[in-house]
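Undergrad: Attaching a predicted model along with its sequence, questions to come.
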Amino acid sequence: MVREKDKFRISQILIMKITKLGHCCMIIEDAGMKILTDPGMYTTEQNVLKDIDIILITHEHGDHLHIESVKAVLANNPDAKVITNSSVGNILSSENIVFETLEDGQSKKFGQILIEGFGTKHAEIFEEYGQVLNTGYFIQNKLFFPGDALYIPPKKVEVLAFPTAGSWANIKESINYVMEVKPVKGFPVHDGGFKSTQFVYGVYKTIIPPKGIEVILPELGKEFEV
């Protein structure tokens, strides 16, 4: 049996490729497969992609789930599997879109790709407003993408796709979240609402690396390796 710490060491040897398209929409390539995350209304680049194997959706808010985009991706990738939670699933079912459910405490392998679900609630905007079902996804024991939550997974995180700010979080909370998770490295997502990311990216680059955490600042549409 492979121990948890050994899994982490193994993951460090393998290369994962990531291309951020915008906000929380990105392509994750590993083990010969391509995962597309949260095809929302802030991006359109996903609508013309091909060779996508998995569409991974954390929750139902429009900046993470845009039905017309999902349909466009599936039209270009008819064999792609949609993986999400039951709340998003209800919306997809109403559009006759086939999906597989993966939620908190569940895990499944798709080919050689292991995906685990963590968390249940969207971070608070105000009381119960907008607190839909939100599932963070851990991919290949390496990358954790929390969606719209500041969930701390019960295992070591090598790479963290951390939210920047929004109606439910600010930059201070975002930085504190990174410090609590303590990944080896991280990169910002959920930044589609910024007119310019120059200032906030500068804050992350100044404050986080001295704590021993590498910060990657993705260039949209350009692949990087972790």
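TA: Cool, got the structure.

Undergrad: And for residue 93, nearest residue in space, chain neighbours not counted?
TA: Distance criterion C-beta to C-beta, 6 or more residues apart in numbering; nearest residue to residue 93, sequence neighbours excluded, is residue 99 at 7.8 Å. (Each C-beta comes from the backbone N, C-alpha and C, glycine too.)

Undergrad: residue boundaries of the helices in this structure?
TA: Along the chain, the segments classed as helices by DSSP state H run 4-13, 67-76, 86-94, 171-181, 198-207.

Undergrad: before we move on, the earlier item: now for the residue nearest to residue 93: which residues touch it?
TA: 81-84, 88-89, 92-93 (C-beta atoms under 8 Å, 6 or more residues apart in numbering).

Undergrad: Need the pLDDT of the residue nearest the centre of the chain.
TA: By C-alpha atoms, centre = their mean, the chain has its centre lying nearest to residue 145, at 3.4 Å. According to the prediction, residue 145 has pLDDT 98.

Undergrad: So what sits opposite it in the bridge?
TA: residue 137 (DSSP bridges).

Undergrad: my guess is it contacts residue 139, does it?
TA: Yes: look at residue 145 against residue 139 with C-beta atoms under 8 Å: they come within range, at 7.2 Å.

Undergrad: and residue 184, how far is that from residue 71?
TA: According to C-beta to C-beta, to the nearest Å, residue 184 stands 37 Å off from residue 71.

Undergrad: I meant to write residue 153 there.
TA: Separation of residue 153 from residue 71 (C-beta to C-beta): 31 Å.

Undergrad: how deep is residue 177 tucked in, by neighbour count?
TA: By other C-beta atoms under 10 Å, the residues close to residue 177 number 20.

Undergrad: Use 39 as the first number from now on
TA: Renumbered: residue one is now 39, and that last one reads residue 215.

Undergrad: which one is it nearest to, not counting chain neighbours?
TA: residue 188 (4.5 Å).

Undergrad: go on, residue 102?
TA: residue 76 (4.0 Å).

Undergrad: returning to that earlier point: looking at the helices of the chain, which one has the lowest mean pLDDT?
TA: Taking the mean pLDDT of those, helix 42-51 comes last: a mean of 52.

Undergrad: hmm, back to that, residues touching the residue nearest to residue 215, list them.
TA: 161, 201, 207, 211, 215.

Undergrad: Which one of these is nearest to residue 167?
TA: Nearest to residue 167 among the contacts of residue 188, counting by C-beta to C-beta, is residue 161 at 11.4 Å.
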